[in-house]
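Asker: Sequence isn't available, so here's the structure alone:
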């Protein structure tokens, strides 16, 4: 009898997993719903029920121990979601987290996902934790993550939620206004929909419509919300005016300091042109209250790419980023001649720098984006940056001269993204930069074709790019990328080729380290996404990466890579990596001079990284790597990282990450000799990064965050050399004074109170080591000594307060008529 029951259960589960997409009938209402987490309105009982969730992880296909029931309603104003998560109240995890900060925290949560265009590619996520903390994000097509979902949490919307704890579980009630969604203009439409319940006690993630980890993609595995009829959404218009006030103190090397009083005001606007398209605009934006950049000592010939932290450039920007041609830090970044003016003044004792703004002021920025009923996505981005000037005093004449550091500039992006059947798409992107005076203007166009077969087993990608630079320096260039991959099944593989011409240049609004490249990647892997005896999941892969200089066509390097990943039954994970470069490499960029090349020695590298069970109060990330160059046994390299996090209680947690990287035989450009010839050197480079961050959550909508970072880099040269036509080293006379001792320190603290949906008060304090106070590397040559000296040097400070108030036009109109 037991065997028969087991077989019957297996058949039922198998049929459930193998079933087609689930359907949920939408129920339109004309009555008001009070968002109180009780679900006591009679219309809730009339709505169709979504239940019978299926486990996605850690045991794909299992029926969860805890049942979940979800209902969906909609009106002409909003979509309403009510979910009842049955559970023992004592087992519900209830840690307070920040908005969008629930991942790897001790909290249960519920999510609803919408694919409003039913294109199997794009979507929205709205998440509520058991403490009524909200998270939301846009689902990004083709994003891949080892853990978690393909969600861009930088997008924030204004919506309502309420949670109550019941004697047999917990309830979440949500109201998502149409101002937070976009959908096509049809009388009757079906949306893609899915629900997720995450139970932290046993790390179970379960979905209403099955999400098979063996299947590539996420949005394409949604069920259907059917019969959405005759939505007549109200006017979607909201304003976000803000005011900012503060004070900044800047210390100088002569012992003086400058105090600047900060004041600013502006406004963001969001206007729903129709159901499908939205206009976002910001007027006189102020981005002072963002986390400081992770500044490093850059010894490479390539630009450092920084993370975008400004809300306007992170929210709803996925369409503009799809082609990878938009590096938003170009807009309102550091003026292009900022460093040259500073260097000129430092090298001339008769000059004094009175002012030299480090950030370009934006007049405005606008985004227009959406998708029509034919699934054509349209995006237009425009920003206007002000002319920036430095003021330089000539001490001998007393004359003050304005020096232009950045001209008046217009940035523009146009995107047309056609979603095709299944997950396929074709995208056209154009970026354009026009500068006053026309010294340098840029235009880049890209066409992206991304095709999937009917069974979602194979993927073909082609990307074409063409850039045109006009002005004082005129040149054109192109780039081409091809990839074919098997993306489903245990055995997966891919082969790709990338070509960038010598004069391809997308960097006025995009980011490319260096052009003139011909490279390829061949990869094969074995993937197991379902549990075995010892692992929840595991994968193994081998890759080969050949690289060449395109013009003239010359060998650069070839490397072989091996990777293995295991996710253990105790919720630990481990990754092992190995890289072998068996032959001498030819580096055509390191010497910073056209026609100059430098050889790099063969090497091998191996390392591992991983983390422990994040459910525990004490959680740790770790990593260790080691490399050796066989021809130079004293040139070893090693790195390690340790990152413990401790959760003191449901309100307070601290996270510390300490990283060391040491290269005992690093070869690279050092300086130019008096004749302008590049000179390289062998050096020992040691880098330390020490980051301490913490958060105290007072309530679900109020918290205090802190992040302190110290970075130290030491460069010690042992000898110098030039190179011949073959890249071989030619000894050069030792030149003293080239060693470097670089420190960067930042402390950012922010108190945030979301006192009303969409409205917040932010109080910030930022502390940083002054730029004019280098620490003597000869006297202080150890990390602990430099860390101690950091607090002996003058620091700059900035204190500010910012008030943002959300005004919904319809709500304002109702108040005026009441």
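Answerer: Noted; the coordinates are in hand. This structure is a prediction, so every number in the text was calculated from the model and none was measured.
Asker: Let's verify the residue nearest the centre of the chain: helix, strand, or coil?
Answerer: By Cα atoms, centre = their mean, the chain has its centre lying nearest to residue 307, at 6.9 Å. Secondary structure, DSSP: H, G, I helix; E, B strand; the rest coil: residue 307 is coil.
Asker: can you offset everything so residue one is 689?
Answerer: Happy to do that; since the first residue is 689 now, the last one works out to residue 995.
Asker: Model confidence at it, what's the number?
Answerer: Note on residue 995: pLDDT of 88.
Asker: and if you look at residue 1463?
Answerer: Residue 1463 is given a pLDDT of 93.
Asker: where do the strands sit along the stretch 739-888 of the chain?
Answerer: Taking DSSP state E, counting those that start in this stretch, the strands of the stretch 739-888 of the chain run over residues 742-745, 756-762, 766-774, 797-803, 811-817, 822-827, 839-840, 848-854, 857-865, 876-887.
Asker: looking at these, which is closest to residue 1243?
Answerer: strand 839-840 (38.8 Å; Cβ to Cβ). (Glycine included, C-beta is placed from N, CA and C.)
Asker: What pairs with the closest one, parallel or antiparallel?
Answerer: strand 822-827 (antiparallel) (DSSP bridges).
Asker: isn't the residue nearest to the centre of the chain right next to residue 978, touching?
Answerer: No. Contact criterion Cβ atoms under 8 Å: residue 995 and residue 978 do not qualify, at 9.9 Å.
Asker: Residue 1184 belongs to a helix?
Answerer: No. Checked against three-state DSSP, residue 1184 lies outside a helix; its state is strand.
Asker: Same question for stretch 1479-1497: list its buried residues.
Answerer: Residues of stretch 1479-1497 classed as buried: 1482-1488, 1490-1494, 1496 (neighbour count, 16 or more other Cβ atoms under 10 Å).
Asker: Let me have these in CSV, extended by pLDDT.
Answerer: CSV is the format used below for these (pLDDT from 0 to 100):
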residue, pLDDT
1482, 92
1483, 93
1484, 93
1485, 95
1486, 95
1487, 96
1488, 94
1490, 95
1491, 96
1492, 94
1493, 95
1494, 94
1496, 90
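Asker: of all those residues, which comes closest to residue 1277?
Answerer: residue 1484 (34.6 Å).
Asker: host element of the closest one?
Answerer: strand 1483-1492 (DSSP states H and E).
Asker: who are the neighbours in contact with residue 748?
Answerer: When contacts are counted by Cβ atoms under 8 Å, 6 or more residues apart in numbering, residue 748 touches 900, 901, 902, 1217, 1218, 1219.
Asker: got it, and residue 1472?
Answerer: Residue 1472 touches nothing, counting by Cβ under 8 Å, 6+ apart.
Asker: Verify the assumption that it is located in a strand.
Answerer: No. Checked against three-state DSSP, residue 1472 lies outside a strand; its state is helix.
Asker: any idea how far it lies from residue 918?
Answerer: Residue 1472 sits 69 Å away from residue 918, taking Cβ to Cβ, to the nearest Å as the criterion.
Asker: likewise residue 1385?
Answerer: 42 Å.
Asker: The two: which is more packed in?
Answerer: residue 1385 (21 against 10; other Cβ atoms under 10 Å).
Asker: who's the more buried one bridged to?
Answerer: According to DSSP bridges, beta-bridge pairing links residue 1385 with residue 1391.
Asker: Show the model's pLDDT score for it.
Answerer: 97.
Asker: can you give me the helices for the stretch 1339-1488 of the chain?
Answerer: For the stretch 1339-1488 of the chain, applying DSSP state H, counting those that start in this stretch gives helices covering 1471-1478.
Asker: which stretches of it have low pLDDT?
Answerer: Applying pLDDT under 70 to the stretch 1339-1488 of the chain flags no residue at all.
Asker: now do the chain
Answerer: Ranges of the chain meeting pLDDT under 70: 689-708, 830-836, 976-977, 1502-1506.
Asker: quick one: the helices in it?
Answerer: Per DSSP state H, the chain carries helices over the ranges 690-706, 730-734, 1006-1009, 1026-1034, 1471-1478, 1497-1505.
Asker: so how many other residues sit close to residue 784?
Answerer: Residue 784: 25 neighbours (other Cβ under 10 Å).
Asker: residues contacting it?
Answerer: Residue 784 touches 819, 821, 1338, 1339, 1385, 1387, 1388, 1391, counting by Cβ under 8 Å, 6+ apart.
Asker: quick one: it from residue 1011, how far?
Answerer: Residue 784 is 39 Å from residue 1011, by Cβ to Cβ.
Asker: For residue 737, state which of the contacts of residue 748 is nearest.
Answerer: residue 900 (23.2 Å).
Asker: wait, that closest one sits on residue 909?
Answerer: Yes. Here residue 900 reaches residue 909: they are 6.6 Å apart, a contact under Cβ under 8 Å.
Asker: Give the residues shared as contacts by these two.
Answerer: By Cβ under 8 Å, 6+ apart, no residue touches both residue 900 and residue 909.
Asker: so what's residue 870 up against?
Answerer: Each residue near residue 870 by Cβ under 8 Å, 6+ apart is listed here: 804, 963, 964, 965, 966, 1058, 1059.
Asker: One more: residue 946?
Answerer: Residue 946 sits next to 937, 938, 940 when contact means Cβ under 8 Å, 6+ apart.
Asker: neighbour-wise, which of those leads?
Answerer: Most surrounded of these: other Cβ under 10 Å gives residue 938, at 18 neighbours.
Asker: you'd agree that one is up against residue 944?
Answerer: No. If you go by Cβ under 8 Å, residue 938 and residue 944 don't touch, sitting 9.5 Å apart.
Asker: about what we covered before: out of the strands of the stretch 739-888 of the chain, nearest to residue 1381?
Answerer: From those, taking Cβ to Cβ, the stretch that ends up closest is strand 822-827, at 18.6 Å.
Asker: Outside of the closest one itself, list whatever touches it.
Answerer: Residues contacting strand 822-827 (Cβ under 8 Å, 6+ apart): 787-790, 797, 801, 803, 810-817, 837-845, 847, 849, 868, 906-907, 1004, 1006.
Asker: Just the buried residues from those, in ChimeraX please.
Answerer: Buried members of the contacts of strand 822-827 can be picked out in ChimeraX with the line below, counting by 16+ other Cβ under 10 Å:
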select :787,788,789,790,797,801,803,810,811,812,813,814,815,816,817,837,838,839,840,841,842,843,844,845,847,849,868,906,907,1004,1006
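Asker: As a check, name the ranges of all strands in the stretch 889-1038 of the chain.
Answerer: 892-895, 911-917, 924-939, 945-960, 965-971.
Asker: Give me whichever of the ones you listed is most buried.
Answerer: Most buried of those by mean neighbour count (mean count of other Cβ atoms under 10 Å) is strand 892-895; its value is a mean of 22.
Asker: and that strand, what other elements does it pack with?
Answerer: In terms of contacts (3 or more Cβ pairs under 8 Å, 6 or more residues apart in numbering; DSSP states H and E), strand 892-895 is packed against strand 742-745, strand 876-887.
Asker: For residue 863, list the residues it contacts.
Answerer: Contacts for residue 863 were tallied using Cβ under 8 Å, 6+ apart; they are 721, 723, 766, 767, 768, 847, 848, 849.
Asker: Could you identify the buried members of these?
Answerer: If we count by 16+ other Cβ under 10 Å, the contacts of residue 863 have these buried: 721, 766, 767, 768, 847, 849.
Asker: sorry, back to before: in JSON lines, list the contacts of residue 946 along with distance to residue 1179.
Answerer: What follows is the contacts of residue 946, written out as JSON lines (distance: Cβ to Cβ, whole Å):
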{"residue": "937", "distance to residue 1179": "61"}
{"residue": "938", "distance to residue 1179": "59"}
{"residue": "940", "distance to residue 1179": "63"}
